[in-house]
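>>> I'd like to go over a predicted model; first the sequence, then the structure.
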Amino acid sequence: MDDAAHRKLGAKTYNRCWELLEQPERTSDDDLLLLTLAFTSKYHWSFVAGPKETTIGNWMIARAAAAVGEGHLALTYARIADAAAQAPDMEDWLVASTAEGVARAYAASGDLASRDEWFEKAERLVAHIKDRESRELIASQLASVPR
């Protein structure tokens, strides 16, 4: 498989994750598909991705795992994404997004004190996102963290 095919499949499976996440109701089969797609997307991106795309892939695995109630898995990948986002060249929206992911993972794992701590950290980071559209997008994702 060439790089173009990996890029295409990585994007297609990532976008399908969003479709499943945005469904008002998912079946248990949908939940399994969501997790499978998140890992599949990261796998394909691993052939063509840079640090930013890798971080986003780990964040999506965390997001998918949290959505299906797999708190431990969500926290593992959210921490990996957040650690990578601390690199000096990462964009401000991605730093805030990974903090949102950690808050969401703690919510899924039932650690409400840590969820609140990371939620507040993510709020502060969102407030400093320079691009208005990116700020609004990450703020809307943060607003959906179970409280």
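Arrived safely, thanks for sending. Numbers count the residues shown, from 1 in each chain.

>>> could you look up the SS state of Ala83?
When classified by DSSP: H, G, I helix; E, B strand; the rest coil, Ala83 comes out as helix.

>>> burial of it, as a residue count?
13 (other CB atoms under 10 Å). Quick note: C-beta positions are derived from backbone N, CA and C, even for glycine.

>>> and the residue lying closest to Arg63 once chain neighbours are set aside, what element?
Leaving out its chain neighbours, the residue that sits closest to Arg63 by CB to CB, 6 or more residues apart in numbering is Gly101, at 6.2 Å. Assessed by DSSP states H and E, Gly101 sits inside helix 92-109.

>>> ok, and what's touching the next helix-or-strand element following that helix?
Later in the chain than helix 92-109, the nearest helix or strand by DSSP H and E is helix 112-127. For helix 112-127, the external contacting residues (CB atoms under 8 Å, 6 or more residues apart in numbering) are 92, 95-96, 99-100, 102-104, 106-107, 135, 138-139, 142, 145, 147.

>>> switch to 10 Å and redo it
Applying CB atoms under 10 Å, 6 or more residues apart in numbering, the contact partners of helix 112-127 are 75, 78, 82, 85, 92-109, 111, 134-143, 145-147.
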